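K.L.:
output the structure for:
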Amino acid sequence: MNENNNKKNTMRLFQYLNYKVIKESNTDLSFFDFIQKLEKLQKMHTVKQSVCNVRNKRITSYSILFQKKAV
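P.N.:
Numbering: from 1, shown residues only. Here you go, the predicted model:
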């Protein structure tokens, strides 16, 4: 039971945001808009890790691992 609670808490703590997935679902979203959304998220979350994939000087995907800030 305790292990199950730990998994649930971990899932609640971490949120994963992927620019590529957002871009595919919302073709009107520019990278600038994506950065603005990140700035809003950073008010309540801490960036734990980020990865940016580039091909021919263009961003193909941008992945960020967030942790919710303690209240």
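K.L.:
what is residue 53 paired to in the beta sheet?
P.N.:
residue 61 (DSSP bridges).
K.L.:
residues touching it, list them.
P.N.:
Contact analysis of residue 53 by CB atoms under 8 Å, 6 or more residues apart in numbering lists 59, 60, 61, 62. (Each C-beta comes from the backbone N, C-alpha and C, glycine too.)
K.L.:
wouldn't the second one be in contact with residue 54 here?
P.N.:
Yes - with contact defined as CB atoms under 8 Å, residue 60 reaches residue 54; the gap is 6.6 Å.
K.L.:
for this protein, which segments count as helices?
P.N.:
For the chain, helices defined by DSSP state H occupy the ranges 2-13, 19-25, 31-41.
K.L.:
which among the contacts of residue 53 gets closest to residue 34?
P.N.:
Comparing the contacts of residue 53 against residue 34 with CB to CB places residue 62 closest, at 7.2 Å.
K.L.:
state the distance from the closest one to residue 70.
P.N.:
Applying CB to CB, to the nearest Å, the value for residue 62 to residue 70 is 26 Å.
K.L.:
before we move on, what about residue 30?
P.N.:
For residue 30 relative to residue 70 (CB to CB), the value is 32 Å.
K.L.:
of those two, which one has the most company?
P.N.:
Shown here are residue 30 and residue 70; by other CB atoms under 10 Å, residue 30 has more neighbours (9 against 6).
K.L.:
run through this structure and note the low-pLDDT ranges.
P.N.:
1-29, 71 (pLDDT under 70).
K.L.:
make it 80
P.N.:
By pLDDT under 80, the low-scoring segments of the chain are 1-31, 34-35, 57-64, 70-71.
K.L.:
hang on, the earlier thing: out of the contacts of residue 53, grab the one that's most surrounded.
P.N.:
residue 62 (20 neighbours).
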